[in-house]
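Undergrad: Sequence and predicted structure below; questions after.
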Amino acid sequence: MSEPGARITRAEVTHVARLARLALTDDEADSLTRELGVILDNAARVSALDTAGVPPTAHPVPLVNVLRADVPKPCLDRDEVLSQAPAVEDGRFLVPRILGEEP
């Protein structure tokens, strides 16, 4: 039931639906044929535009990084930090083992 000059036929829609294992009713097939035809017509209109002088873009709106600048600063003193830890071993935080132990 496609219109003359349509870019996709009802048979093509039902064939693709079968390949995708979609069960379509007759009304759904007719509706999808019309809707996909409109989508393909719009895609053809966009493809027909002359974009020779248009530079490629990754995003239509310029993006600005909203994070602060990464400025190096002195680190915390290791001995001071470890002195406040509940448990230390070999100059590192000691945490309870959570894997490999039987309850």
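TA: Alright, I've got the coordinates. The structure displayed is predicted, hence computed values, not measured ones.
Undergrad: going forward, measure contacts between C-alpha atoms and count neighbours the same way
TA: OK.
Undergrad: how would you label Ile39: helix, strand or coil?
TA: helix (DSSP: H, G, I helix; E, B strand; the rest coil).
Undergrad: so Arg34 is in which element?
TA: helix 26-47 (DSSP states H and E).
Undergrad: Give the residue farthest from the middle of this structure.
TA: Residue farthest from the centre of the chain, counting by Cα atoms, centre = their mean, is Ser83 at 45.2 Å.
Undergrad: any idea how far Arg92 is from that one?
TA: 11 Å (Cα to Cα, to the nearest Å).
Undergrad: Also Leu24?
TA: 64 Å.
Undergrad: picking up where we left off before, could I get the average pLDDT for the very next helix or strand once past the helix holding Arg34?
TA: Helices and strands here follow DSSP H and E; after helix 26-47, the next one along the chain is helix 78-83. On average, the pLDDT along helix 78-83 is 93.
Undergrad: and helix 78-83, how far from the chain's centre?
TA: Put simply, helix 78-83 sits 43 Å off its chain's centre (Cα atoms, centre = their mean, to the nearest Å).
Undergrad: what's that helix in contact with?
TA: Helix 78-83 has contacts (Cα atoms under 8 Å, 6 or more residues apart in numbering) with 88, 91-93.
Undergrad: which one among these gets closest to Ala17?
TA: Phe93 (59.1 Å; Cα to Cα).
Undergrad: pLDDT score for the closest one?
TA: Value listed for Phe93 in the pLDDT field: 94.
Undergrad: Now it. Nearest residue, chain neighbours left out?
TA: Ala87 (6.2 Å; Cα to Cα, 6 or more residues apart in numbering).
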